[in-house]
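Engineer: structure for the following, please:
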Amino acid sequence: MLLSEALGLKPNHLKEMECARGVYHVIHYSPPCPEPHLTLGSSKHSDPGFLTVLLQDHIGGLQVLHQDQWVDVCPIPGALVINIGDLLQLISNDKFKSVEHRVLASKIGPRISVASFFSTHISPSSKMYGPIEELLSAEYPPIYREITIKEFVTRYRSKGLDGQSTLIYFKV
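Structural biologist: Purely as a prediction, here's the structure:
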C-alpha cells in the first residue's frame, strides 16, 4: 500500500497488479570461512522480484552498493532489511531502484539469514508487466518494454549472478 502511494497511485494499485501474489523464502547458511579474503559469500547482484524482506543474524556481511562504494548493512537485532527488486524497478519506470548487494564471507560463523521474496514468478505466466501507464508522460517515456514473467525469469536464470542487472535486456 505505501509503495503504491509513494508512486502517487491509489493504495491498492500494486496489489491489484499481483506484485506480491507469490512469496517464497530462502534460508542462507554460510559456515565460517578460514580465508574470507579469497572468496565472497554471494557475488554482486540485485533481486529479481518486486520486494525482498531479509532477516540477518548478528554476523553481518551484507553490503549494498551506494555511489560506487560498498557499504556495510550493520545487523540490528530484530530489524528487517527491505530491498526493492528488479521487477518493481521495471514497473515503476526507475522511480524505485533495485538494490545491488553482495555478502562477504566471514571467519566467524555460521552466518544465517532468511529472505522472503515477494514476486509472481513462482509460477511464471503469460501476464504482461511493463512500466505503469500512470507513471508515464512525454517527460517520462517508458525505459523498459513490456515483458512476461516467464521471459524475465528465463533471462535471469540463464545469465546467473554475473554482477549485471537483468533489466538491461528489457530496455526500450
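
Engineer: residue 26 contacts residue 55, doesn't it?
Structural biologist: No: checked against CB atoms under 8 Å, the pair residue 26 and residue 55 is beyond contact range at 11.3 Å. To be clear about C-beta, it is placed using only N, CA and C from the backbone, and glycine gets the same treatment.

Engineer: residues that sit against both of the two, list them.
Structural biologist: Contact criterion CB atoms under 8 Å, 6 or more residues apart in numbering; residues shared by residue 26 and residue 55: 114-115.

Engineer: more crowded one of these two?
Structural biologist: Neighbour tally, residue 26 and residue 55, criterion other CB atoms under 10 Å: the higher count belongs to residue 55, 15 against 11.

Engineer: make sure the more buried one is indeed in a strand.
Structural biologist: Yes: going by DSSP: H, G, I helix; E, B strand; the rest coil, the assignment for residue 55 places it inside a strand.

Engineer: list the contacts of the residue lying farthest from the centre of the chain.
Structural biologist: Distance from the C-alpha centroid of the chain peaks at residue 34, with 29.4 Å (CA atoms, centre = their mean). The contact partners of residue 34, taken as CB under 8 Å, 6+ apart, are residue 107.

Engineer: count of neighbours near residue 6?
Structural biologist: One way to gauge burial is a neighbour count; for residue 6, by other CB under 10 Å, it gives 11.

Engineer: do residue 145 as well
Structural biologist: Here the number of neighbours of residue 145 (other CB under 10 Å) works out to 13.

Engineer: my guess is residue 95 meets residue 4, correct?
Structural biologist: No: with contact defined as CB under 8 Å, residue 95 and residue 4 do not form a contacting pair (11.5 Å).

Engineer: dump the residue contacts of residue 83.
Structural biologist: Contact criterion CB under 8 Å, 6+ apart gives 46-47, 51-52, 54, 98-99, 101 as the residues in contact with residue 83.
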